[in-house]
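Trainee: Sharing a model that was predicted from the sequence below.
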Amino acid sequence: MSILPCPMQLLFLYGQPATGKLTVAKELAALTGYKLFHNHLAVDLLLSVFDFGSAPFIQLREEIWLSVFTAACEAQIPGLIFTFAPETTVHPEFISNTIQTVEKHGGELIFVELTCPLDELKRRMASESRVQYQKLRDLALFEQLHAAGVFSTAHMPRPALSIDTSIHPPAGAAEAIVRELKLQSPSHLANP
């Protein structure tokens with residue numbers, strides 16, 4: 001008896017800067033066995049050559065994201081976690097392109113929103129955990145960008161689940177995602 005390949009499931013975690021996307025995603029990857037492709041893998045690569053928000057940065061960032069989604073689908077990777085901070089330098093059609101890419105390959109895309117009160121986001125902004133990757137750490141700049149609406153999530157699809165990370169610690173948030181979305185490890189998905 002042959003095992004049929006399982007279409008990829010893409011967990012798309014999004015939220016404002018400092019909501020804990022990467023921290024929760026790491027916990028989620030440990031619980032599910034899903035691969036983790038976080039936002040700063042592409043962003044930091046491109047920042048080594050291009051300024052943030054420059055035309056080549058924006059174009060290549062989206063190409064990298066979509067290329068990885070396509071290749072993961074084609075490789076029949078059962079589960080992938082992607083972290084994303086909506087902001088105005090991302091092309092408006094990126095979300096629809098992502099949906100189209102995953103669905104074209106028979107995959108499933110699940111949006112999960114991480115939220116956090118503004119005061120807590122500001123407190124987290126200078127956290128040492130944000131140093132490893134070139135994350136926004138300048139509180140004054142964050143406040144300026146936030147006030148200008150740069151991090152609005154209004155254009156994002158309705159999430160399957162929304163979690164306040166000021167209430168749920170990272171492990172608890174990951175456990176809630178697994179429980180509420182009834183996620184199973186990829187080994188279980190590939191071996192029905």
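Mentor: Nice, thanks for sending it over.
Trainee: tell me the centre residue of this structure?
Mentor: residue 83 (1.4 Å; CA atoms, centre = their mean).
Trainee: my read is that one is in a helix, agree?
Mentor: No: under DSSP: H, G, I helix; E, B strand; the rest coil, residue 83 sits outside any helix and is assigned strand.
Trainee: Please identify the buried residues of the lengthiest strand in the chain?
Mentor: When the chain is parsed with DSSP state E, its longest strand is strand 108-115. Buried residues in strand 108-115, defined by neighbour count with 16 or more other CB atoms under 10 Å: 109-115. For glycine as for every other residue, the C-beta is placed from the backbone atoms N, C-alpha and C.
Trainee: Would you mind putting the CA coordinates of the following helix or strand past that strand into CSV?
Mentor: Counting by DSSP states H and E, the next helix or strand C-terminal to strand 108-115 is helix 118-124. Presented in CSV, the C-alpha positions along helix 118-124 are these (Å, rounded to 0.1, in the frame of the first residue of the first chain):
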residue,chain,number,x,y,z
LEU,A,118,0.2,48.8,22.6
ASP,A,119,1.8,49.5,26.0
GLU,A,120,3.2,45.9,26.1
LEU,A,121,4.5,46.1,22.5
LYS,A,122,6.4,49.3,23.5
ARG,A,123,7.8,47.5,26.6
ARG,A,124,9.0,44.6,24.4
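Trainee: Can you pull out the residues in contact with helix 118-124?
Mentor: 16-20, 116, 130, 139, 142-143, 146, 166 (CB atoms under 8 Å, 6 or more residues apart in numbering).
Trainee: Distance from that helix to the middle of the chain?
Mentor: Distance of helix 118-124 from the chain centroid (CA atoms, centre = their mean, to the nearest Å) equals 19 Å.
Trainee: just to revisit the earlier point, can you tell me how far the residue nearest to the centre of the chain is from residue 150?
Mentor: 17 Å (CB to CB, to the nearest Å).
Trainee: Quick check on residue 80: phi, psi?
Mentor: phi -140, psi 140 (degrees, to the nearest 10).
Trainee: no wait, residue 144
Mentor: phi -60, psi -50.
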